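Chemist: Have a look at this fold, sequence not included:
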């Protein structure tokens with residue numbers, strides 16, 4: 001379930017619910033130790049979202065419920081940009097969209113310190129298994 005195919009299918013479903021079109025937003029992944037699990041990127045001159053990136057380093061070890069919450073969290077950022085043509089960050093407009101799409105209206109729905117510990121443990125186990 002944790003794939004960009006699933007993310008695109010979920011965004012297509014949410015597009016119908018929110019009456020927007022996010023098909024032109026590029027979805028991608030990366031895998032490195034970083035401060036973020038995901039991000040919605042947009043053009044600063046016109047506030048059009050062009051990319052949503054997901055950090056597989058954390059998503060692959062995250063519980064399914066948090067994974068779904070994060071992909072909807074980033075979708076809410078894209079919708080807020082499309083609807084308002086401004087960076088809403090984690091303001092009340094963004095929070096309302098979170099409720100609309102079924103995710104927690106919280107800027108931080110996960111603990112990176114705990115995820116990083118889990119990733120380190122998995123890395124260690126993989127090295128031992130070699």
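Modeler: Happy to help now that I have it. Please read these numbers as outputs of a predicted model, since none were measured by experiment.

Chemist: could you point out the longest strand in the protein?
Modeler: Assignment by DSSP state E gives strand 49-55 as the longest strand of the chain.

Chemist: strands paired with that one, and their directions?
Modeler: In the sheet containing strand 49-55, its partner strands are strand 26-30 (parallel), strand 38-42 (antiparallel), by DSSP bridges.

Chemist: Go through the ones you listed and pick out the most buried.
Modeler: Mean neighbours per residue, mean count of other CB atoms under 10 Å, is largest over these for strand 38-42, with a mean of 19. Placement of C-beta: from N, CA and C, glycine included.

Chemist: Flag every buried residue along the longest strand of the chain.
Modeler: 49, 52, 53, 54, 55 (16 or more other CB atoms under 10 Å).

Chemist: now swap in stretch 5-18 and tell me
Modeler: Judged by neighbour count using 16+ other CB under 10 Å, the buried positions of stretch 5-18 are 7, 10, 11, 14, 15, 18.

Chemist: Averaged pLDDT, the longest strand of the chain. What do you get?
Modeler: Mean pLDDT, strand 49-55: 94.

Chemist: Kindly report the same for stretch 83-103.
Modeler: Mean predicted lDDT for stretch 83-103 stands at 95.

Chemist: start to end distance for that stretch?
Modeler: This stretch, stretch 83-103, spans 18 Å end to end (CA to CA, to the nearest Å).

Chemist: Which residues outside it are in contact with it?
Modeler: If you take CB atoms under 8 Å, 6 or more residues apart in numbering as the criterion, stretch 83-103 is touched by 14, 17-18, 20, 42, 46-47, 68-70, 72-73, 75-77, 79-81, 104-107, 109.
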